[in-house]
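Asker: build the 3D model from these lines:
(2 chains)
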Amino acid sequence: MHFDVDIAKRVTAQGRPFDLAVRFVLDSDRIALYGPSGAGKSLTLAILAGLVRPDRGRIVIDGEVWFDSMYRVNRPTRQRHVGFVFQDYALFPHRTVEQNVAAASERWYPGARDAIAQAEVAQLLDAFALDDVRKSYPEQLSGGQRQRTALARALAAKPKLLLLDEPFSALDAALRARLRAELVAVQRRFGVPIVIITHDPDDLVQCAERVVTLHDGKVIAGENERTGTAAALLPHLALA
Amino acid sequence: MSEALVPMLLTLKVAAWATLIAGALGVAAGLLLAKVRFAGRDVVDALLLLPMVLPPTVLGYYLLVAFGRQSAFGHWLESTLGIDLIFTWQGAVAASSIVAFPLVFKAARAAFEAVDPNLENAGRTLGYNEWTVFTRVTFPLAWRGIAAGAMLAFARAIGEFGATLMVAGNIPGRTQTMSIAIYEAVHAGNDALANTLVLIASAVCVALLVAASFAVRRGYARLSPI
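Answerer: Alright, predicted model coming up:
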């Protein structure tokens, strides 16, 4: 997937202004946004999804203009067809695992699903080993199950692009390693490009093909805003 | 018994209508104030809460001025819609609605503000438009708080006295609600009737308060959703 991103946004957090100015042009199906906390990774991801409107710039994905301040283009989130796995998963607490996964395919009233959607939901529940907990509520799930539910819910909407905001940060190390491998398998199986936020170098090696390193709202890896491959960046990351 | 029954039924009718009206307006105002930032938001918030602190007689006086036949609005209401609020049970509904409104409004605003914006964002990434986000995410997560506020509003409307007396008067069988009937029974020395009405009013209000606290406290897993 081809990314042509050039965005600027000023936000005020705790009374202090923070300026985000991110530019990258990349052609990859597995991109990581890497950097310390407070670097602007989550904000960048929210802007890609259309959840936050940048002050100016443009976002062109595979030739489709999602945002262009000059031409006043701002495609709403629902028309960008992005899947989003939130850091805290943002599962609907009032709906069961099955209802969460089916959330994108409901029509007219909650619970209305056609036979095809029903079959797809069942497939996803099966693929993510959620069959046993399909009637459970998010608060009754383990961390790994929550993460899988969030992933299944996002994939059920058949996104063109999957955005993940530190999807492993809430999990212990052993589970993290397993789910990392699962994510790569999912990416290959569903053929959906991913952009993943992380500050864990292990994530880069296993999940990412290209890395955009952010620091204080700017892209820093490589000279002239070029971005590195995960392998090439590793020696530098170890020092950082 | 019909001495107690008539004001009781009238009170239930008035309180039900008032809860409905205050509920619809309170939810709309609560949503607006919780989600939309605009200049003068704090002033609007204060004005909407005003009925909670103003003396009910003051509210009643405002209503008389606004809806009486001398006012342009009251004249228009009567001549075009045939609605006369003064000395009618509809007037009692208007008075109770205004007194009960802040209770729903406050509860709704707090409930809407408590909904995690990320859940609404999750809905947007799943293809929901703003209406679907409201009906499937925001409202289902806020409705317990709103329901609790509505129950308090209903209890408050049952007890409404001052503004109702000013606007609707005290016409037995037509505008004499329970709290006004109690006042009159005590004055007339009819202790038996007063006792009956007081016990009923107390029981209803206690039941509503208990129900309201239940509505807020129950968890998701134990609730059987739609």
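Asker: output the below-cut-off pLDDT ranges for the chain.
Answerer: No chain in the question, so chain A it is. Scanning chain A for pLDDT under 70 picks out the ranges A:107-113, A:221-240.
Asker: meant chain B, my bad for not saying
Answerer: B:1, B:218-226.
Asker: what residue is smack in the middle of it?
Answerer: B:Ala100 (3.3 Å; Cα atoms, centre = their mean).
Asker: quickly find the element holding that residue.
Answerer: Per DSSP states H and E, B:Ala100 falls inside helix B:89-114.
Asker: if you skip the residues just before and after it, what's nearest to residue 98?
Answerer: Assuming you mean chain A. In space, and not counting its chain neighbours, A:Glu98 is closest to A:Arg134: 4.1 Å by Cβ to Cβ, 6 or more residues apart in numbering or on different chains. For every residue, glycine as well, the C-beta is placed using N, CA and C.
Asker: chain B, not that one
Answerer: The nearest residue in space to B:Ile98 (Cβ to Cβ, 6+ apart) is B:Pro51, at 5.2 Å.
Asker: with just CA atoms, put the host helix or strand of the one you found into PDB.
Answerer: Assigned by DSSP H and E, B:Pro51 belongs to helix B:41-53. Taking Å, rounded to 0.1, in the frame of the first residue of the first chain, the C-alpha atoms of helix B:41-53 are listed here in PDB:
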ATOM      1  CA  ARG B  41     -21.700  27.200  27.400                       C
ATOM      2  CA  ASP B  42     -21.200  27.900  31.100                       C
ATOM      3  CA  VAL B  43     -23.900  30.600  31.000                       C
ATOM      4  CA  VAL B  44     -26.400  28.200  29.300                       C
ATOM      5  CA  ASP B  45     -25.500  25.500  31.800                       C
ATOM      6  CA  ALA B  46     -26.200  27.900  34.700                       C
ATOM      7  CA  LEU B  47     -29.500  29.100  33.200                       C
ATOM      8  CA  LEU B  48     -30.700  25.500  32.600                       C
ATOM      9  CA  LEU B  49     -30.000  24.600  36.200                       C
ATOM     10  CA  LEU B  50     -31.800  27.700  37.500                       C
ATOM     11  CA  PRO B  51     -35.200  26.000  38.100                       C
ATOM     12  CA  MET B  52     -33.400  23.800  40.700                       C
ATOM     13  CA  VAL B  53     -32.500  26.800  42.900                       C
END
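Asker: if I pick the residue nearest to B:Ile146 when sequence neighbours are not counted, what's in contact with it?
Answerer: With Cβ to Cβ, 6+ apart as the criterion, B:Ile146 has its nearest non-adjacent residue at 5.0 Å, and that residue is B:Ala108. Neighbour list for B:Ala108: B:26-27, B:29-31, B:34, B:142, B:145-146, B:149 [criterion: Cβ atoms under 8 Å, 6 or more residues apart in numbering or on different chains].
Asker: with neighbour count, secondary structure and distance to B:Gln70 added, can I get the residues you listed in JSON lines?
Answerer: Shown next, in JSON lines, are these (neighbours: other Cβ atoms under 10 Å in any protein chain shown; DSSP: H, G, I helix; E, B strand; the rest coil; distance: Cβ to Cβ, whole Å):
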{"residue": "B:Gly26", "neighbour count": "27", "secondary structure": "helix", "distance to B:Gln70": "30"}
{"residue": "B:Val27", "neighbour count": "23", "secondary structure": "helix", "distance to B:Gln70": "33"}
{"residue": "B:Ala29", "neighbour count": "20", "secondary structure": "helix", "distance to B:Gln70": "29"}
{"residue": "B:Gly30", "neighbour count": "25", "secondary structure": "helix", "distance to B:Gln70": "34"}
{"residue": "B:Leu31", "neighbour count": "19", "secondary structure": "helix", "distance to B:Gln70": "36"}
{"residue": "B:Ala34", "neighbour count": "17", "secondary structure": "helix", "distance to B:Gln70": "38"}
{"residue": "B:Ala142", "neighbour count": "24", "secondary structure": "helix", "distance to B:Gln70": "41"}
{"residue": "B:Gly145", "neighbour count": "22", "secondary structure": "helix", "distance to B:Gln70": "41"}
{"residue": "B:Ile146", "neighbour count": "23", "secondary structure": "helix", "distance to B:Gln70": "37"}
{"residue": "B:Gly149", "neighbour count": "30", "secondary structure": "helix", "distance to B:Gln70": "35"}
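Asker: now for these, which pair is the farthest apart?
Answerer: The largest separation in these, counting by Cβ to Cβ, is between B:Ala29 and B:Gly145 at 14.4 Å.
Asker: which residues of the chain fall in helices?
Answerer: Going with chain A. For chain A, helices defined by DSSP state H occupy the ranges A:41-49, A:97-101, A:115-127, A:143-156, A:173-190, A:201-207, A:230-239.
Asker: nope, chain B please
Answerer: B:2-35, B:41-53, B:56-67, B:72-76, B:89-114, B:117-125, B:130-133, B:139-159, B:162-168, B:178-187, B:191-217.
Asker: any part of stretch A:146-158 near chain B?
Answerer: Yes: for stretch A:146-158, a contact with chain B is found by Cβ under 8 Å from any Cβ of the partner chain, at A:153-154, A:157.
Asker: for that stretch, buried residues please.
Answerer: A:146-157 (16 or more other Cβ atoms under 10 Å in any protein chain shown).
Asker: what does stretch A:177-186 give?
Answerer: A:179-180, A:182-183, A:186.
Asker: on that earlier part again, now, which of the buried residues of stretch A:146-158 sits nearest A:Ser105?
Answerer: Closest to A:Ser105, out of all of the buried residues of stretch A:146-158 and judged by Cβ to Cβ, is A:Ala156, at 6.3 Å.
Asker: contacts only, for the closest one.
Answerer: A:Ala156 neighbours (Cβ under 8 Å, 6+ apart): A:101-105, A:120-121, A:124.
Asker: center of chain A - which residue?
Answerer: Centre-most residue of chain A, counting by Cα atoms, centre = their mean: A:Leu163, 1.6 Å.
Asker: contact partners for B:Asp84?
Answerer: With Cβ under 8 Å, 6+ apart, B:Asp84 has these contacts: B:69, B:77-78, B:90-91.
Asker: backbone dihedrals for it, please?
Answerer: When read as degrees, to the nearest 10, the backbone of B:Asp84 gives phi -120, psi 120.
Asker: any idea how far chain A is from it?
Answerer: 41 Å (Cβ to the nearest Cβ, to the nearest Å).
Asker: quick one on the thing from earlier: could you single out the nearest of the residues of stretch A:146-158 next to chain B to B:Glu120?
Answerer: Using Cβ to Cβ, the residues of stretch A:146-158 next to chain B come closest to B:Glu120 at A:Arg153, 14.7 Å.
Asker: next, the contact list for that closest one, please.
Answerer: With Cβ under 8 Å, 6+ apart, A:Arg153 has these contacts: A:91, A:100-101, A:103-104, B:122, B:126.
Asker: can you list the residues you listed in a markdown table and add neighbour count and distance to A:Met70?
Answerer: Putting the contacts of A:Arg153 into a markdown table (neighbours: other Cβ atoms under 10 Å in any protein chain shown; distance: Cβ to Cβ, whole Å) gives the following:
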| residue | neighbour count | distance to A:Met70 |
| --- | --- | --- |
| A:Leu91 | 25 | 38 |
| A:Asn100 | 28 | 39 |
| A:Val101 | 29 | 39 |
| A:Ala103 | 24 | 35 |
| A:Ala104 | 22 | 32 |
| B:Ala122 | 26 | 30 |
| B:Leu126 | 26 | 30 |
